[in-house]
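Student: Quick check, what structure comes out for this input:
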Amino acid sequence: MSTIRTQFGPVTNFGITLNGLATSAARSSAKVDNQNSRYIDAICQFKIKPASGSAGDRYSVYFFAWGAADDASPIFPSGVTGVDESVSVTLETLSIRQIGSLYVAGAGTLISPPFSVAPAFGNVLPPVWGVLVINRCGMALDVSDNLGFWRGVEFEVA
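Tutor: Below is the predicted model of the structure:
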């Protein structure tokens with residue numbers, strides 16, 4: 001009798017520059033190509049280090065997932081181009097699905113819980129995807145020690 005179990009791919013850093021991200025600013029990751037790996041989901045996690053200061057009115061850093069069904073000529077949501085860059089947050093950008101948030105009460109290193117990405121796309125990871133990070137904690141992120149990483153999820157038959 002065969003057994004189907006979850007298998008995880010290698011830990012991979014997002015191509016995203018979070019160091020020094022100002023409060024009320026947003027940053028998009030470089031695209032992740034899922035066409036060949038064909039992961040069904042990805043589990044991502046973030047290490048955030050706010051600089052000194054007081055937490056703002058929203059006290060959190062928010063994480064969103066964006067994707068495209070066509071890997072050859074991807075069409076991305078407003079403001080996203082598939083490269084690591086600053087993004088101006090508009091109402092259309094906010095239609096991207098949130099995958100998680102990290103409550104920030106003050107300065108110091110914080111680790112997010114693991115977030116599943118596929119639920120943002122109806123539980124199937126698209127051929128091209130990435131993340132958008134919006135800093136609403138009231139403090140800029142430190143100039144070092146901020147990063148995001150992910151692992152692909154697939155099924156193994158044993």
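
Student: Contact partners for residue 37?
Tutor: 9, 152, 154 (CB atoms under 8 Å, 6 or more residues apart in numbering). The C-beta positions use only the backbone N, C-alpha and C, and glycine is treated the same way.

Student: what about 10 Å?
Tutor: By CB atoms under 10 Å, 6 or more residues apart in numbering, the residues touching residue 37 are 9, 12, 125, 127, 152, 154.

Student: Filter these down to the ones in strands?
Tutor: 12, 152, 154 (DSSP state E).

Student: shouldn't the first one be in contact with residue 42?
Tutor: Yes. At 9.0 Å, residue 12 counts as touching residue 42 under the criterion of CB atoms under 10 Å.

Student: so which of the ones in strands among the contacts of residue 37 comes closest to residue 98?
Tutor: Taking CB to CB as the measure, residue 152 is the one of those closest to residue 98, at 20.8 Å.

Student: And for the residue nearest the centre of the chain, nearest residue in space, chain neighbours not counted?
Tutor: By CA atoms, centre = their mean, the chain has its centre lying nearest to residue 131, at 3.3 Å. Spatially, and ignoring its direct neighbours in sequence, residue 131 is nearest to residue 29 (4.8 Å; CB to CB, 6 or more residues apart in numbering).

Student: quick one, what contacts that neighbour?
Tutor: Contact partners of residue 29, counting by CB under 10 Å, 6+ apart, are 13-18, 44, 65-66, 80, 82-85, 129-133, 148, 150.

Student: Pull out the buried members of the residues you listed.
Tutor: Those of those that meet the buried threshold are 14, 16-18, 44, 65-66, 80, 82, 84, 129-133, 148, 150, by 16 or more other CB atoms under 10 Å.

Student: In strands only, show me those residues.
Tutor: Reading strands off the buried ones among the contacts of residue 29 with DSSP E, I get 44, 65, 66, 129, 130, 131, 132, 133, 148, 150.

Student: and the first one, what is it in contact with?
Tutor: For residue 44, the contacting residues are 12, 14, 29, 32, 63, 65, 99-100, 112, 114-117, 131, 148-151, taking CB under 10 Å, 6+ apart as the criterion.

Student: can you pull the pLDDT of residue 119?
Tutor: Residue 119 carries a pLDDT score of 97 in this model.

Student: Noted, bye for now.
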